[in-house]
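In: I would like the atomic coordinates for the input below:
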Amino acid sequence: MLIREYLKEIKYKNFPLIVYGNNPFGASVKGAFKPFIFIDVNLWKKLDKNEKKVIIYHEISHIRSRDNLTKLILNITYKAFFYLPQIYLPIKSFEEIAEMASDGYSLIKTRAKEKIIKSLAKITLILDSQTSTSFFPTQFSKE
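Out: Residues are numbered from 1 along each chain as shown. You can find the predicted model right below:
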């Protein structure tokens, strides 16, 4: 299987469970203690080999850095101290930094900047066409 080949290539010893279904986010890592990769079936069918590789490397980066466990801890902290506005900014900052770090890992592993940019654009357009709410504005107001 293609995914297992990528995991062997990056020398990832603990193969995560891979679940296919209807994922509005395209691909994501679920679970804090036993993480698994959740991939949208429709998205997966429309991507070529290089684009699939970018997604796998991105999600493996989230698993390796234990982002879901960190998010769980941050969300528990946020729920406990919801009355402190200073708690929200570090959580949002972590999410953005984690995404950029995972994109960077994909870039390093695939060594193809243009392919990653094209892959991300294609994935966004595919996900946009599958959802009822658009990521891109289809009509602009004149106000």
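
In: remind me, longest helix of the protein?
Out: If you go by DSSP state H, the chain has its longest helix at helix 88-110.

In: Touching it from outside, list them.
Out: With contacts defined as Cβ atoms under 8 Å, 6 or more residues apart in numbering, helix 88-110 is touched by 10, 50, 53-54, 57-62, 65, 67, 70-71, 74-75, 78, 113, 116, 120. C-beta here means a position set from N, CA and C on the backbone, and glycine is covered the same way.

In: likewise stretch 41-52?
Out: 2-3, 20-23, 26-27, 55, 110, 112, 115, 119, 122-123, 126-127, 130.

In: Which of the three states applies to the residue positioned nearest the centre of the chain?
Out: Nearest to the geometric centre of the chain sits residue 28, at 4.6 Å (Cα atoms, centre = their mean). At residue 28 the chain is in strand, as set by DSSP: H, G, I helix; E, B strand; the rest coil.

In: Show me what secondary structure element comes after the lowest-mean-pLDDT helix or strand in the chain.
Out: Sorting the helices and strands of the chain by mean pLDDT, DSSP states H and E puts helix 2-9 at the bottom, at a mean of 66. Using DSSP states H and E, the next helix or strand after helix 2-9 towards the C-terminus is strand 17-21.

In: Derive a PyMOL selection command for the buried subset of the contacts of helix 88-110.
Out: A single PyMOL command selects the buried members of the contacts of helix 88-110 (16 or more other Cβ atoms under 10 Å):
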select buried, resi 53+54+57+58+59+60+61+62+67+70+71+74+116+120
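
In: you'd agree residue 59 is up against residue 35?
Out: No: with contact defined as Cβ atoms under 8 Å, residue 59 does not count as touching residue 35 (9.0 Å).

In: overlap in contacts of the two?
Out: Shared contacts of residue 59 and residue 35, counting by Cβ under 8 Å, 6+ apart, come down to residue 29.

In: That'll do, ta.
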